[in-house]
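Asker: This is the structure alone, sequence omitted:
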């Protein structure tokens, strides 16, 4: 049983960590809030006074806002669909006994360890370049006209690049889940004459549901703030400007710190809504 | 035992740290263009002579602009020297963010800097950045392909001729595109090119009351012409091509013509890098029939010292070294006159050795023809040719060029892009108080 004295000591010892953590989160948050109510233009002399909610109104009424929200949702949705479906397939494949299983698993997981900027550069210059890229050569080999991936199919290209990076993560989580599936249950179903697809729908998929929810939750939070891949490949052009990218443009290219900060506050609210929503789903799933 | 090792390691670290504290070191942010990369190779000579270490942060053009702008506006102090251009220098100089480059040594000879360059890098008569190289833009073309097409390039061609020649030179089966031009989004990339193209069709960014002009017929004509010509004779995916991408295509022999910075001339005629080095001709940037302004710009990549640096003297020494006549001679001695940084000094164009370089004359002529005070056929309230010298321009032009790039990629029509550009620019200018 803790005495009054030991509780005080514990509080004292924890204080530095608490202060550090609070500072870590509160300082940037407070500054973002502070600047979002100011007309702050560094190239025009800096702080030009309070403007109330002007920045908030301007940010959402700008013609770039809704397309940015749309682009964000498309990227998040596209990547989630691809990584979850392919992740399940890959996980099931990797679960099969095969020769060189360890090496194959490492190769599948490898893209996750490549930095986003590097993978975007590799995809842009080595694969997707319409003149010198590998895909262009492949297209020409089959007599087809090469595609300018990043300009003609910009959204698809970015979804492809990001999915390539996140697929290993999904695969890994789902593989762990599959490995925990009781094989006797599957064998029993097989002996009862259940076909492959039915076994998958009625046994494997329900077993994976918790892992799938975790994959969706974690990926969504990260994918909402996707940036490097867009910066390197299209620079926000061709309808690929996400909400994060729009905020970056407002602050750094237009040098309008107030407007960008208001965008930042919207982004915080959006991310929290998604997080709360998903937490509730996960909570339900975990209880079940 | 462990304690002993730890103590030794700590002592060694202290020595290293003390030594590092004594050696003077400057950090320079620069752009990844060929002349700058070449300069980095000679930095050892500067360190040998002065004892000052130089650390480089080399970035792509768009990224460099964002990094240095952020650093200077937040007083970040990451760099002792920044590579900036004619757009930033007068604005930053006026804000007191740069160290004035007065008191440079007599040997340096400030008066030798080309007046167009010195003017563009000054604010109220004070020089705030020293030009490392200066440039305009011009046509570089393949003489062999032109001959095959049965055409002859005039010294001062029109856009109509260029389009015809581009179509005649295009040979899709052999991967040869008649013309390669910038389409990449970014105000200093495709934005700069479409702006000068607009100028050469009689368009301008703003009228005298700062009202955006994208709703005027000249812009529509320029943009439509550009897109049609590039669709006929340009390379696949030109919407993502900037300076470096086009340079690479031209060097690989995949372009009949390329209109871009005059500094590119030394790279396309260098046999070490270019497969078509001996087949390149030069001409003035084109104009549209009936418009007396040509599609050539004026730019200098220059070195400036941010106010507040701890290494002001060392930084000044470096700038004097890198932009001096001696540096030009150093490069000429080692790599030939064609490879010296061009466009900054009058004496270079008076040098008999340099006069023999095939593109020297056309470069000088293009630079002298560019007039930042009068960019356009119609009067404007701004200075600058491929840019408008106001702080809001970079942000606005980046977005406008993104809309244009979407046209190049076939994602929207010319009319849609111009309407969006007009609306967005009007909104931003009103917000900025114009």
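Answerer: All right, it came through fine. The shown structure was predicted, so the numbers you read here are calculated from the model rather than taken from an experiment. Numbering: from 1, shown residues only, chains lettered A, B, ... in the order given.
Asker: for the chain, what are the low-confidence residue spans?
Answerer: The chain I'm using is chain A. Low-confidence segments of chain A (pLDDT under 70): A:1-2, A:285-288.
Asker: not quite, I wanted chain B
Answerer: B:1-23.
Asker: now the strands for it?
Answerer: Assigned by DSSP state E, the strands in chain B fall at B:25-31, B:53-59, B:81-84, B:122-123, B:126-127, B:130-135, B:137-142, B:177-180, B:255-261, B:280-284, B:299-304.
Asker: Quick check: buried residues in the last one?
Answerer: Using 16 or more other C-beta atoms under 10 Å in any protein chain shown as the test for burial, strand B:299-304 gives B:299-304. Yep, even glycine has a C-beta here, placed from its N, CA and C like the rest.
Asker: Do any residues in it lie close to chain A?
Answerer: No: counting by C-beta under 8 Å from any C-beta of the partner chain, no contacts exist between strand B:299-304 and chain A, the nearest distance being 15.7 Å.
Asker: Then the second one?
Answerer: No: Strand B:53-59 is not in contact with chain A by C-beta under 8 Å from any C-beta; minimum separation 12.5 Å.
Asker: hmm, back to that, distance to residue B:109 for the buried residues of strand B:299-304 - can I get that in CSV?
Answerer: Output for those, formatted as CSV (distance: C-beta to C-beta, whole Å):
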residue, distance to residue B:109
B:299, 22
B:300, 17
B:301, 20
B:302, 16
B:303, 16
B:304, 19
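Asker: Specify which member of these is nearest to residue A:45.
Answerer: residue B:304 (19.9 Å; C-beta to C-beta).
Asker: how close does that closest one sit to chain A?
Answerer: 16 Å (C-beta to the nearest C-beta, to the nearest Å).
Asker: phi, psi of the residue nearest to that residue when sequence neighbours are not counted?
Answerer: Nearest residue to residue B:304, sequence neighbours excluded (C-beta to C-beta, 6 or more residues apart in numbering or on different chains): residue B:129, at 3.7 Å. Here is the backbone geometry of residue B:129 (degrees, to the nearest 10): phi -150, psi 150.
Asker: which ones are touching residue B:129?
Answerer: If you count contacts by C-beta atoms under 8 Å, 6 or more residues apart in numbering or on different chains, residue B:129 has them with B:84, B:89, B:93, B:98, B:101, B:121, B:300, B:302-304.
Asker: what about residue 233, neighbour count?
Answerer: If you meant another chain, say so; for now it's chain A. Counted by other C-beta atoms under 10 Å in any protein chain shown, the residues lying close to residue A:233 total 25.
Asker: let's do chain B instead
Answerer: 26.
Asker: ditto for the one 4 residues further on
Answerer: The number of residues packed near residue B:237 is 24, by other C-beta under 10 Å.
Asker: Please work out how many residues are found near the closest residue to it other than its chain neighbours.
Answerer: Using C-beta to C-beta, 6+ apart and skipping residues adjacent in sequence, the residue nearest residue B:237 is residue A:148, 3.1 Å away. Neighbourhood size, residue A:148 [other C-beta under 10 Å]: 27.
Asker: How about the contacts made by residue A:148?
Answerer: A:130, B:236-237, B:239-240, B:409.
Asker: and the stretch 151-300 of chain B, which residues reach chain A?
Answerer: B:175, B:184-186, B:235-237, B:239-240, B:249, B:254.
Asker: Mind checking which of those land in helices?
Answerer: residue B:249 (DSSP state H).
Asker: So residue A:247 sits against residue A:263, correct?
Answerer: Yes: at 4.0 Å, residue A:247 and residue A:263 qualify as touching, with contact defined as C-beta atoms under 8 Å.
Asker: Quick check: closest non-adjacent residue to the residue in the stretch 151-288 of chain A positioned nearest to chain B.
Answerer: Among the residues of the stretch 151-288 of chain A, residue A:254 lies closest to chain B, at 2.9 Å counting by C-beta to the nearest C-beta. Excluding its sequence neighbours, the residue lying closest to residue A:254 (C-beta to C-beta, 6+ apart) is residue B:395, at 2.9 Å.
Asker: thinking again about what came up before, in CSV: the contacts of residue A:148, plus distance to residue A:63.
Answerer: Output for the contacts of residue A:148, formatted as CSV (distance: C-beta to C-beta, whole Å):
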residue, distance to residue A:63
A:130, 30
B:236, 30
B:237, 27
B:239, 21
B:240, 23
B:409, 19
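Asker: Of those, which is the nearest to residue B:200?
Answerer: residue B:239 (20.7 Å).
Asker: How many residues are close by the closest one?
Answerer: 30.
Asker: and what of residue B:103?
Answerer: For residue B:103, using other C-beta under 10 Å, the count is 6.
Asker: Same question for residue B:314.
Answerer: Neighbour number of residue B:314 under other C-beta under 10 Å is 21.
Asker: who's in contact with residue 181?
Answerer: Using chain A here. Contacts of residue A:181 (C-beta under 8 Å, 6+ apart): A:203-204, A:207.
Asker: Oops, wrong one, chain B.
Answerer: Residue B:181 touches B:193, B:226, B:230, B:234, B:238, B:241, B:246, B:258-260, counting by C-beta under 8 Å, 6+ apart.
Asker: Same list (these) but as JSON lines, adding neighbour count.
Answerer: Below are the contacts of residue B:181 laid out as JSON lines (neighbours: other C-beta atoms under 10 Å in any protein chain shown):
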{"residue": "B:193", "neighbour count": "26"}
{"residue": "B:226", "neighbour count": "24"}
{"residue": "B:230", "neighbour count": "22"}
{"residue": "B:234", "neighbour count": "23"}
{"residue": "B:238", "neighbour count": "28"}
{"residue": "B:241", "neighbour count": "29"}
{"residue": "B:246", "neighbour count": "26"}
{"residue": "B:258", "neighbour count": "27"}
{"residue": "B:259", "neighbour count": "26"}
{"residue": "B:260", "neighbour count": "25"}
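Asker: In a markdown table, list the residues you listed along with distance to residue B:28.
Answerer: Formatted as a markdown table, the contacts of residue B:181 follow (distance: C-beta to C-beta, whole Å):
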| residue | distance to residue B:28 |
| --- | --- |
| B:193 | 27 |
| B:226 | 36 |
| B:230 | 36 |
| B:234 | 36 |
| B:238 | 33 |
| B:241 | 28 |
| B:246 | 26 |
| B:258 | 29 |
| B:259 | 30 |
| B:260 | 25 |
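Asker: could you point out which element follows the lengthiest helix in chain A?
Answerer: Criterion DSSP H: the longest helix present in chain A is helix A:4-36. Of the helices and strands lying after helix A:4-36 in sequence (DSSP states H and E), the nearest is strand A:38-41.
Asker: Paired strands for that next one, with orientation please.
Answerer: strand A:46-50 (antiparallel) (DSSP bridges).
Asker: between the contacts of residue A:148, which is nearest residue A:28?
Answerer: residue B:240 (33.8 Å).
Asker: How about the residues of the stretch 151-288 of chain A by chain B?
Answerer: Residues of the stretch 151-288 of chain A lying close to chain B by C-beta under 8 Å from any C-beta are A:151-152, A:154, A:234-239, A:241, A:249-250, A:252-256.
Asker: redo that, cut-off 10 Å
Answerer: Proximity of the stretch 151-288 of chain A to chain B, by C-beta under 10 Å from any C-beta of the partner chain, involves residues A:151-154, A:231-241, A:246, A:248-257, A:259.
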